[in-house]
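Trainee: predicted model and sequence below, questions to follow.
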Amino acid sequence: MNDQEQNQAPARPRLGGGIFLFVGLLIGSIAGIALNEPSIGMISGFGVGGLLAILIWLFDSKRGSKGR
């Protein structure tokens, strides 16, 4: 290891938003079944979960660029 590598601060852990995809699919499917439209519920849940995952990714990328 050289001196430059030793002086750098450890990297921050990355945030993950994949759980929102799963939870969105799950809740959307359950809500869709309750409303007799499971496919529409699953697609809308996936859309909402995907939107939340993208927002987490954007937040994390801005957080990571501030530390550099």
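Mentor: Here it is on my side, so go on.

Trainee: now the residue nearest in space to the middle of the chain: how far from residue 40?
Mentor: Taking CA atoms, centre = their mean, the centroid of the chain lies closest to residue 17, which sits 1.6 Å from it. Separation of residue 17 from residue 40 (CB to CB, to the nearest Å): 23 Å. No exception for glycine: its C-beta is placed from N, CA and C like everyone else's.

Trainee: list the contacts of the residue nearest to the centre of the chain.
Mentor: Each residue near residue 17 by CB atoms under 8 Å, 6 or more residues apart in numbering is listed here: 52, 53, 54, 55, 56, 57.

Trainee: in those residues, which residue is surrounded by the most others?
Mentor: Highest neighbour count within the contacts of residue 17, by other CB atoms under 10 Å: residue 53, with 19 neighbours.

Trainee: low-confidence ranges in this protein?
Mentor: 1-12, 64-68 (pLDDT under 70).

Trainee: do I have it right that residue 30 meets residue 44?
Mentor: No: assessed by CB atoms under 8 Å, residue 30 is found out of contact with residue 44, at 11.9 Å.
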